[in-house]
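Trainee: This is a predicted model, with the sequence first.
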Amino acid sequence: MAALIKRDLLSLTELSSTEVQEILQLATKLKSQDLDLRCNKILGLLFSKASTRTRVSFTVAMYQLGGRVIDLNPNVTQVSRGELVQDTARVLDRYLDILAIRTFAQDELETFAKYAQIPVINALTDKEHPCQILADLMTIQEHFGKFTDLTLTYVGDGNNIANSLMLGCSLVGMNIRITTPRGYEPDEVFVEKAKVIANDKAQISIIQDPKVAIQGANIIYTDVWTSMGQENQAKERNSVFQPYQINTQLLTLADKDAVVLHCLPAHRGEEITDEVIEASQSLVWEQAENRMHVQKALLASILGLENS
């Protein structure tokens, strides 16, 4: 993975199809403990948004590689008092070896990357969530052993997960259907980017009717209807998205061997029912675990770690 050494990962558009596959292969080897990669590096976590899986998986991944982690909570740093992004970036650049940022605006992430010489990883913005999607792809590959001739249907809000899923599926040649209420579609910029990446190797479809979109699909994926920062819209969204709930009845329209994914946290009884998330076709917990393995592979690749 020499190609990733010292590189930022701000968007999946920065990765080639080959690089995605190499990250997944490395993650699989690390998960099976076929490789022992070690470092003496420091990872900074600058998270402006709440986090469980991203925070813990990055932390454990870095510890398992032999490195250390500094949790840079914005509430106890000068960031909360208005220090300029570029000033914070240039200072952290002199303390850390690599930085993962979880924030609202994509342009804030890009500003950090511009002013910091160390690699910067997108741990989530309002536009994209590349680390999550790499873990999703790993989970799908583990289960099906392939990406071609598969169709993933994403049911719910056209948010950062939907944007990044389109990019990820396009990179590996997997068909994707996005089904969401009118007015909640994914960003058209990402739809067009995904179509360019797919280059006829995968189909990207936006379908309003969830019953049509889920028909014969191999993977059913959902996320919360109300993302962080949209709490004042929750009541309206819960009403609009009711037909998009993943439940047993809707799943009967999918392929008989279809699996279910959810990036978590889940609002059970809203976007997904208890019965579905706890069913045998749910790969949600494997998906959550794979966050750690993929991020471990990313850290190892970007830091240029070698087998000990």
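Mentor: That came through fine. The structure presented is a predicted model; accordingly, all values stated were derived computationally and were not measured. Residues are numbered from 1 along each chain as shown.
Trainee: burial count for Arg268?
Mentor: 14 (other CB atoms under 10 Å). Placement of C-beta: from N, CA and C, glycine included.
Trainee: The one 4 residues further on now?
Mentor: Residues lying near Ile272 (other CB under 10 Å) number 25.
Trainee: So what sits opposite it in the bridge?
Mentor: Taking DSSP bridges as the rule, Ile272 bridges to Ile246, Arg268.
Trainee: my guess is it contacts Asp223, does it?
Mentor: No. Look at Ile272 against Asp223 with CB atoms under 8 Å: they stay out of range, at 9.3 Å.
Trainee: where do the contact lists of those two overlap?
Mentor: Contact with both Ile272 and Asp223 is made by residues His262, according to CB atoms under 8 Å, 6 or more residues apart in numbering.
Trainee: measure Val224 to Glu231 for me?
Mentor: For Val224, the distance to Glu231 (CB to CB, to the nearest Å) stands at 11 Å.
Trainee: Between these two, which is the more surrounded one?
Mentor: Set Val224 next to Glu231 and count neighbours by other CB under 10 Å: Val224 wins out with 23 against 10.
Trainee: So for that one, what's the nearest residue that isn't a sequence neighbour?
Mentor: His267 (5.4 Å; CB to CB, 6 or more residues apart in numbering).
Trainee: can you count the residues close to that neighbour?
Mentor: 14.
Trainee: And Val240, by the same measure?
Mentor: 17.
Trainee: pretty sure it contacts Pro181?
Mentor: Yes. Between Val240 and Pro181 there is a contact at 5.1 Å, judged by CB under 8 Å.
Trainee: mind saving the C-alpha coords of stretch 241-253 as CSV?
Mentor: Coordinates of the C-alpha atoms in stretch 241-253 are reproduced here as CSV (Å, rounded to 0.1, in the frame of the first residue of the first chain):
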residue,chain,number,x,y,z
PHE,A,241,-40.2,8.5,6.3
GLN,A,242,-42.8,6.0,7.7
PRO,A,243,-43.1,4.1,4.4
TYR,A,244,-39.3,3.7,4.4
GLN,A,245,-39.1,1.6,7.6
ILE,A,246,-37.1,-1.6,7.2
ASN,A,247,-39.5,-4.2,8.5
THR,A,248,-40.3,-7.9,7.9
GLN,A,249,-43.0,-7.1,5.4
LEU,A,250,-40.8,-4.8,3.3
LEU,A,251,-38.0,-7.4,3.4
THR,A,252,-40.2,-10.0,1.7
LEU,A,253,-39.7,-8.1,-1.5
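Trainee: Quick check: Val69 is in a strand.
Mentor: Yes. Val69 sits within a strand when classified using DSSP: H, G, I helix; E, B strand; the rest coil.
Trainee: Tell me how far it lies from Leu109.
Mentor: 19 Å.
Trainee: quick one: low-confidence ranges for the stretch 1-150 of the chain?
Mentor: 1 (pLDDT under 70).
Trainee: ok, which stretches of it are helices?
Mentor: For the stretch 1-150 of the chain, the helices defined by DSSP state H, counting those that start in this stretch cover 17-31, 53-64, 85-92, 106-115, 130-144.
Trainee: Contacts only, for the most centrally placed residue in the chain.
Mentor: In the chain, the centroid-proximal residue (CA atoms, centre = their mean) is Gln132; its distance is 2.0 Å. Neighbouring residues of Gln132 by CB under 8 Å, 6+ apart: Thr54, Leu124, Ile161, Ser164, Cys263, Arg291.
Trainee: now do 10 Å
Mentor: When contacts are counted by CB atoms under 10 Å, 6 or more residues apart in numbering, Gln132 is found next to 53-54, 123-124, 160-161, 164-165, 168, 223, 263-264, 287-288, 290-291, 294-295.
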